[in-house]
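Visitor: Need a 3D model of the following:
(chains A and B)
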Protein chains: 2
Amino acid sequence: MQNEILDKIMKPKAIAVIGASTKPKTIGSEIMQRLRDYKFNGKIYPVNPKGGIIEGFQAYTSIKEVPGEVDLAVIVVNAKFVLDTIDQCHEKGIKGICIITAGFKETGKEGAELEKQLLNKVKEYGMKCVGPNCLGVLNTNPDVMMDATFAESLPVRGDIGFVSQSGALGGGILNILKDLNIGFAQFVSIGNQADINAETMLEYWENDDDIKQILLYMESIQNPQNFRKLASRITKKKPILALKSGRSAAGASAASSHTGSLAGADKAAAALLKQSGVIREFSLKNLFANAKAFSNCPIPKGNRVAIITNSGGPGIMATDAICESGMQMAKITDETKEKLRSFLPSAASVKNPIDMIASAPIEHYIQTLETVIADENVDMIMVIYLPFLGLKDIDVAHALIDIKAKNPQKPIVGVFMTTNDFFGKIANMDVNMPFYMYAEEAAEALLRLDEQRQWMNKPAGKIPCYDVDREKAASIIKKSIDEGRDQLTTLESIDVLQAYGIRACKYGLATDEEQVVTLGNSIGYPVVMKMTSKTTSHKTDVGGVVVNIRSEEQLRNEYRALLKRLEDKGLLDGLEGVIIQEMVKGSREMVCGIATDPQYGPMMMFGLGGVFVEVMKDVNFRIAPLTDEDAMDMITSVKAYKLLQGARGTTPAQIGQIQETLLRLSQLVSDFKFIDELDINPLLISEKTGEGIAVDGRIKVRLKEAQETLKGACSCAC
Amino acid sequence: MQNEILDKIMKPKAIAVIGASTKPKTIGSEIMQRLRDYKFNGKIYPVNPKGGIIEGFQAYTSIKEVPGEVDLAVIVVNAKFVLDTIDQCHEKGIKGICIITAGFKETGKEGAELEKQLLNKVKEYGMKCVGPNCLGVLNTNPDVMMDATFAESLPVRGDIGFVSQSGALGGGILNILKDLNIGFAQFVSIGNQADINAETMLEYWENDDDIKQILLYMESIQNPQNFRKLASRITKKKPILALKSGRSAAGASAASSHTGSLAGADKAAAALLKQSGVIREFSLKNLFANAKAFSNCPIPKGNRVAIITNSGGPGIMATDAICESGMQMAKITDETKEKLRSFLPSAASVKNPIDMIASAPIEHYIQTLETVIADENVDMIMVIYLPFLGLKDIDVAHALIDIKAKNPQKPIVGVFMTTNDFFGKIANMDVNMPFYMYAEEAAEALLRLDEQRQWMNKPAGKIPCYDVDREKAASIIKKSIDEGRDQLTTLESIDVLQAYGIRACKYGLATDEEQVVTLGNSIGYPVVMKMTSKTTSHKTDVGGVVVNIRSEEQLRNEYRALLKRLEDKGLLDGLEGVIIQEMVKGSREMVCGIATDPQYGPMMMFGLGGVFVEVMKDVNFRIAPLTDEDAMDMITSVKAYKLLQGARGTTPAQIGQIQETLLRLSQLVSDFKFIDELDINPLLISEKTGEGIAVDGRIKVRLKEAQETLKGACSCAC
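Guide: Numbering: from 1, shown residues only, chains lettered A, B, ... in the order given. Prediction:
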């Protein structure tokens, strides 16, 4: 049903332009020109109170007077007339709306109110709406041929679906894409995304064979969990490349005043895109350069790259770029080397990079490339050309294109260090491989192809459901909130973790010296003594943690000393007691926990703990709930993973058990959505068993939300 | 004297082209065409055994028959005739030579021998020589007008001095520079750099006012210490931008087979460029983009950037790029804001980024830019343009150029997200500011300007000379090498460090249980016991280090246990004894040391130590000898610097003392050049005093070299 209405917008048979104009350099005139010039395949009805002829089409004084059925109304009237216009569209039975007009949420409070009314009408009437404050929509399919934008350039046909949040930027993008000869199938400028947003388009394009890759320019993600659900499914079929701006705090603040949208913290956005398999780009330049590769290359079978060049210097630079990207330089087989030696001059190098030397004629390009394509050790090929006496760039390009046509199975990219003139010619040709000016651009494009390969080969993650004691966890939390505490004590925190099956060290609570000693003796020395208090959350600051207590006598003394310190600082009142804890021996302190992003919800963290957390920032984030794959990625992609594997003679950590710890934590915060913060620091890696053991825990909830939730009965949410 | 001969090459009054040809598409024909087409300002003498007329000039059958004086001989004859040709040039009294001909070192052993003979002749005759295996030389000064290359494009006049090591790449570069409208003053393709290399040109260009910035493409640095001396002096006057390829191991191996030059380890090259103030680029694209900024912008007064835009999206992306680069978003003054508000529409944002909104006419660009230039909080300005109904890119560009002409004091860069056509036009105009297509490129260019500002403001470093006991250090090392040991014992290593005034912890050597106990008692508990052995270098692997020994009894037991362990492993023989050492309390383990690069010499390292050295790689390298500035940079630019400053309640480290430690180490390896490796791991930061204390040391020498050096008498080398 939704897709049917979206079809009316993206594949209309009749378009009304409400606010069409004869006045030059107005949007109402430009859009009419584009529809005409791009030869829209259906009916065009300009609507203007004055009637007359606009760009050669009969204009109507009102949408209601348009004789035929209308699929899509493109609205460019002044903002104050938009609501009325929507009413009229409804009366006319129109379901597809694209509102170009600005002056809504982006201008402030009044505009936001107007936009809200607009959205209410759209919903009430069962319409779908692009905009407001946008550049319009495009579809290059020969059956449609719709350019309902006011961008300068007419589009090039291709296989990209493009969503842009910024209107003016969209216009710039269309110009540049035209220059770069990057074609697309459909383009939607979603503007303020009152109704239709990136997620709408993802879903609409999921099974559209016209669209082989999806490009997104976003300043915010509207519904992160929905975006994740859609994107992680679609990226298994076709690549999604996204440029998400507003990364810096200043940029995010500019984004928020610009579009009125709340810019989510970039860490959360980065995590979300990563776990959804979306390829994130950090500049439009890279977005386009890499899209060019996806339009012209198959997904490779591996990451082994061969470089063919007629100049040593660029060959070296290309090798640097390939190696630094983490891909591999292909090991050319002896058979290939022999074949290459049979026709290349003796000064040439048949090792990868294959340097045919400057004098290489076009025949050497052809023979070398054909030979290298056939090499089973080669997954991708970069061919470098530098001008040399009489060897014409365009001739070499034609030769490569011919070979590519006969050998479509492996990605081939060209690096042509030549004039802009060449790229101008290429832009007007029907090419089947991407050409770049610099080796670094080509290497990055190959890397993206390889990243997509890796993602597609990776199993879809599963969110496991462990058998946990949810009731117990709930009752512990309930006790705390009943007492008005949003911060659980250490003891409570550890109890909650244990209820969810997370390995924490053995402990007990003692409230007087005799209990302290009894506990110490039963757990066995050495032990750790930690104060637990309702008023002091950072225990180390008051000397509230004493480690490596080796005997009953020492335990007694340390307990007395602690009481004295607290008394001196006036902190004795809040003291609940001390926890006597099994002392886990290990030198590797990890950290894991949860922070809540106002828009993205609970975000999990894992990495190197202890004093290094803030200094090294060797941590990873993922949005909860985690899949098994997410959890494993979090663990294996911190630098400290090498330490976990057992560097320098330490016991290898139980990676699977640490993964389970993260997954159980994820289940915990999914069950209790009011958990605002949770820290396990350290998650100590036991030198004895390699287990990750929660040695300290801290849980904080959003009090009101928790109170409301825990009013009712508890039921397992898995 | 050298510069006089270089003048003959770079500013000749008469050029002979030996091997000039009438045959099209040969180098001998192309060079003649370039000299003619670019209108060389002196005499041109083609030399060809057949005589006749070549490209309109009278040809001579031999260089000796040329009637007038000749400053520069450009040699393109076959490699086997090159030596004879040089003899003839000598007879003719020619001092400047440029050998285009290939077939020398780059082709293998025979070629290398030929090149050696060539160099001998050049030296014997008192000539200077560019090449062989190169593209030629260029000088665009109106008094010279020399294009003695065979590149496709004629050059554009500008202020850049460019040295390229790769010949074919040089041709590509010249094409691209022409397209980008990047002009240069002089260009030298040094090829195999048999005689003239990058350093020669640096020195030659140092005081040449025609040259405002120097660009280098290098695959190797021939004499690192000389390069450093020149570059660190010149970069205080004019920027040097370098692209050094062969960074990856595979790339370096390609570089070495390509040019026959030994590619120095990239870590060493990176350190050298950094401490010489050279701006390192990692792709030609960035090299060119940033050179454009230096050609068109003054060095800014600070790093506060204002962004002016007509579209929100690119404004956000620009803000992201500025913030991520470490520069600051300028805080626009209230006065400026008020002024902007007086003419910008209410929907515009007068906060930085200043968003004039899409409807901004050209007058808003002019008024806004003029207002922002006058703001004292603004050091640099980025102006963004996106196409919008009728506002022409080229008109906006002209307006900006006019304003820049009147306000040359602050860098202004344009970001024009428009068609290639615009950039084609710009390339043919006389511009005074750089234009980029993407905000990220512009931000990087501004960052480079700012880096140059910082470098120029930074005091020139000094290499201090401390009063050390060189004799003692020498005698300790001598003892070791006299016994044929290239590896000093821990004890010896620490003694050497102490002789150089490096703070190491108190210790003594004991060889039996009673000595052990006596020492322990005199140093005071807790102590550390470490074995010292001539056969076992990694002590921890055999449990040879025991820490935190708190009593005489414990010391006795640990000593006995150690002997037992060594006996069991059959390692007791090499044992010299155990070191009983003051136990320094501190949790922050740093590392410093020295590794020797075969080409760059001793390279110093500093960073986070302990188990994190290899995992975190939070270390810095610099080539010795260190200046005080180098040492301070090494310390302040590791991430762990935050730990040193006293993060999480620790004692702030004595940064000056750590700096001195590095400088004394540097002096040590400068005095004893045969030291091959030296490690202080850990350099423990004392929790008590904040000092960096060498707790363990390891020194390894190159035995033969050490033996030869220490044969003679020792004398202080400072």
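
Visitor: What is the neighbour count of A:Arg560?
Guide: For A:Arg560, the tally of surrounding residues (other Cβ atoms under 10 Å in any protein chain shown) stands at 12. C-betas here are computed from N, CA, C, even on glycine.

Visitor: got a list of what the residue lying closest to A:Glu206 once chain neighbours are set aside touches?
Guide: With Cβ to Cβ, 6 or more residues apart in numbering or on different chains as the measure, A:Ile234 is the residue that lies nearest to A:Glu206, at 5.1 Å, once sequence neighbours are left out. Listed by Cβ atoms under 8 Å, 6 or more residues apart in numbering or on different chains, the contact set of A:Ile234 reads A:202, A:205-206, A:214, A:240.

Visitor: now do A:Lys425
Guide: A:Ile394.

Visitor: Looking at the contacts of A:Ile234, which one is closest to A:Gln186?
Guide: A:Trp205 (7.3 Å; Cβ to Cβ).

Visitor: Around the closest residue to A:Pro652 other than its chain neighbours, count how many other residues there are.
Guide: Setting aside the residues directly before and after it, A:Pro652 is nearest to A:Gly646 in space (Cβ to Cβ, 6+ apart), at 3.7 Å. The local packing count at A:Gly646 equals 14, with neighbours defined by other Cβ under 10 Å.

Visitor: pretty sure A:Arg470 contacts A:Asp671?
Guide: Yes: with the criterion set as Cβ atoms under 8 Å, A:Arg470 and A:Asp671 qualify as a contacting pair; they are 5.9 Å apart.

Visitor: Find me the pLDDT at the residue nearest to A:Pro652, would you?
Guide: The predicted local confidence for A:Gly646 comes out at a pLDDT of 89.

Visitor: and if you look at A:Leu678?
Guide: A:Leu678 is assigned a pLDDT of 93 by the prediction.

Visitor: Against A:Ile221, how distant is the residue nearest to A:Glu206?
Guide: Counting by Cβ to Cβ, to the nearest Å, the separation of A:Ile234 from A:Ile221 is 15 Å.

Visitor: Next: A:Leu83.
Guide: In this structure, A:Leu83 and A:Ile221 are separated by 28 Å, where distance is defined by Cβ to Cβ.

Visitor: same deal with A:Glu552?
Guide: From A:Glu552 across to A:Ile221, the span is 57 Å (Cβ to Cβ).

Visitor: what about the two, which has more around it?
Guide: Relative neighbour count places A:Ile221 above the other of A:Glu552 and A:Ile221, with 28 against 14, counting by other Cβ under 10 Å.

Visitor: what does the model give that one for pLDDT?
Guide: Per-residue pLDDT puts A:Ile221 at 89.

Visitor: quick one: contacts for the residue of the stretch 351-500 of chain A found nearest chain B?
Guide: For the stretch 351-500 of chain A and chain B, the shortest gap (Cβ to the nearest Cβ) falls at A:Met417, measuring 3.6 Å. With contacts taken as Cβ under 8 Å, 6+ apart, A:Met417 has the following neighbours: A:314, A:384-387, A:437-438, B:169, B:172-173, B:175-176, B:284.

Visitor: cool, and A:Phe150?
Guide: Contact criterion Cβ under 8 Å, 6+ apart gives A:27, A:30-31, A:34, A:100, A:135-136, A:171, B:389 as the residues in contact with A:Phe150.

Visitor: just checking, A:Ala631 touches A:Gln657?
Guide: No: the criterion here is Cβ under 8 Å, and A:Ala631 misses it with A:Gln657 at 11.3 Å.

Visitor: So between these two, which is more surrounded?
Guide: For the pair A:Ala631 and A:Gln657, the greater number of neighbours falls to A:Ala631 (28 against 14), based on other Cβ under 10 Å.

Visitor: quick one: what helix or strand has that one in it?
Guide: For A:Ala631, the element it lies in under DSSP states H and E is helix A:628-636.

Visitor: I'd like to know which elements the very next helix or strand once past that helix is packed against.
Guide: Beyond helix A:628-636 on the C-terminal side, the first helix or strand identified by DSSP H and E is helix A:641-644. Using 3 or more Cβ pairs under 8 Å, 6 or more residues apart in numbering or on different chains; DSSP states H and E as the contact definition, the elements that helix A:641-644 packs against are strand A:588-597, helix B:612-616.

Visitor: near chain A, anything from the shortest one?
Guide: It stands for helix B:612-616. Yes: contact of helix B:612-616 with chain A (Cβ under 8 Å from any Cβ of the partner chain) involves B:612, B:614-616.

Visitor: So the closest residue to A:Ser670 other than its chain neighbours, which state does it fall into?
Guide: When the adjacent residues along the chain are set aside, A:Ser670 lies closest to A:Pro625, with 4.8 Å between them (Cβ to Cβ, 6+ apart). Applying DSSP: H, G, I helix; E, B strand; the rest coil to A:Pro625 yields a three-state assignment of coil.

Visitor: Give me whichever of the helices and strands packed on helix A:641-644 is most buried.
Guide: strand A:588-597 (a mean of 22; mean count of other Cβ atoms under 10 Å in any protein chain shown).

Visitor: name the helices or strands packed onto the helix or strand just after that one?
Guide: Counting by DSSP H and E, the next helix or strand C-terminal to strand A:588-597 is strand A:601-608. For strand A:601-608, the helices and strands in contact under the criterion 3+ Cβ pairs under 8 Å, 6+ apart are helix A:266-275, strand A:588-597, strand A:619-623, helix A:628-636, helix A:655-671.
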